[in-house]
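Peer 1: One predicted model, sequence on top.
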Amino acid sequence: MSKIGIIGAMELEVATLKKNMDTDQITKKAGMEFHEGNLKGMPVVVVQCGVGKVNAAMCVQILADLYDVTHIINTGVAGSLNPVLDIGDILVSKDAIQHDMDVTPLGYTKGQIPGLEQLAFVADEKLCKTAVEVCKKVNPDIHVTEGRVVSGDQFISSKEIKDALIAEFHPDCTEMEGASIAQAATLNNIPYVVIRAISDKADGSAQEDYPTFEKKAAEHCAKLVQEMMKEL
Ligand code: ADE
């Protein structure tokens, strides 16, 4: 029997899911609220983990140890690093890298974590495929792409940093949790996928519209995750 852990960093990324699920129980751990119940007939644990890689990794470990989740989905917003991905479009992760992991002075590739073989954490194929198929059905007007997420404890809002990330990692979007969720899920043998809607271009443009774009993007994403529950 599947039980899906659904993580969003901010309240607006999980609000719709929490509103639409039948909640059986809410428990607190490490400053996070774990909402257990059913979403479209699927057992789920929905949680707002807070911003950044540490919060996100802690959240995965708690979901693994205390809630026995079988799959993890990270939903939320991201900055686009691919010209094909415009505001409101959706990126489904094929893999994820931590762009701020840098042990290059000791001979490691940028992003590589000493002690681990892989540079990128590969997402679950079935979760990825289901997300893309459901997205095409429920959001037919929105462009959906499979690709690479890069994450770091940094909000990217300059063209220079954006271009450096593109040159280094060939990613499609950037945010602040996905790749640490990917690492923690992989180390716990839990299949994962990151699903992000684009809220900005990660270059400081259209900053005044960010709150509006962020809200809309987060809702697109939550709607998709919700509809995915029927297909898993
Ligand atoms: N989340 C949404 N947009 C982002 C950006 N530009 N950088 C990091 N995280 C983000």
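Peer 2: Done, it's in.
Peer 1: So for the residue in the chain positioned nearest to the ligand, what's the pLDDT?
Peer 2: When scored by Cβ to the nearest ligand atom, the chain has Gly79 as its residue closest to the ligand, at 2.6 Å. Every residue, glycine included, has its C-beta placed from N, CA and C. Gly79 is assigned 97 on the pLDDT scale.
Peer 1: packing partners for the stretch of helix or strand it belongs to?
Peer 2: When elements are assigned from DSSP states H and E, Gly79 belongs to strand 71-80. Packing partners of strand 71-80 (3 or more Cβ pairs under 8 Å, 6 or more residues apart in numbering; DSSP states H and E): strand 4-8, helix 11-20, helix 53-66, strand 173-175, helix 178-187, strand 192-200, helix 210-228.
Peer 1: Report the buried residues of that strand.
Peer 2: 71-80 (16 or more other Cβ atoms under 10 Å).
Peer 1: quick one: that strand to helix 11-20, angle?
Peer 2: With axes from the mean of the first three to the mean of the last three Cα atoms, to 10 degrees applied, the angle from strand 71-80 to helix 11-20 works out at 140 degrees.
Peer 1: Worst mean pLDDT across the helices and strands of this protein, which element?
Peer 2: helix 210-228 (a mean of 92; mean pLDDT, DSSP states H and E).
Peer 1: And it, how far out from the chain middle?
Peer 2: Centroid separation between helix 210-228 and its chain, computed with Cα atoms, centre = their mean, to the nearest Å, is 12 Å.
Peer 1: Could you list the low-pLDDT ranges of the protein?
Peer 2: Within the chain, the set of residues satisfying pLDDT under 70 is empty.
Peer 1: Would you mind listing what in it touches the ligand?
Peer 2: By the rule Cβ under 6 Å from any ligand atom, the part of the chain lying against the ligand is 77-79, 155-157, 174-176, 199-200, 202.
Peer 1: Pull out the buried residues from those.
Peer 2: Looks like those have 77-79, 156-157, 174-176, 199-200, 202 buried, using 16+ other Cβ under 10 Å.
Peer 1: Switch those residues over to TSV; also include distance to Ala57.
Peer 2: Formatted as TSV, those follow (distance: Cβ to Cβ, whole Å):
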residue	distance to Ala57
Val77	19
Ala78	18
Gly79	21
Ile156	20
Ser157	24
Thr174	17
Glu175	14
Met176	12
Ser199	22
Asp200	24
Ala202	22
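Peer 1: which one of these is nearest Val225?
Peer 2: The closest of those to Val225 turns out to be Val77 (Cβ to Cβ; 12.9 Å).
Peer 1: Contact partners for the spatially closest residue to that closest one that is not a sequence neighbour?
Peer 2: Counting by Cβ to Cβ, 6 or more residues apart in numbering, Ser199 is the residue found nearest to Val77 once chain neighbours are left out, at 3.8 Å. By Cβ atoms under 8 Å, 6 or more residues apart in numbering, the residues touching Ser199 are 77-79, 87, 210, 213-214, 217-218.
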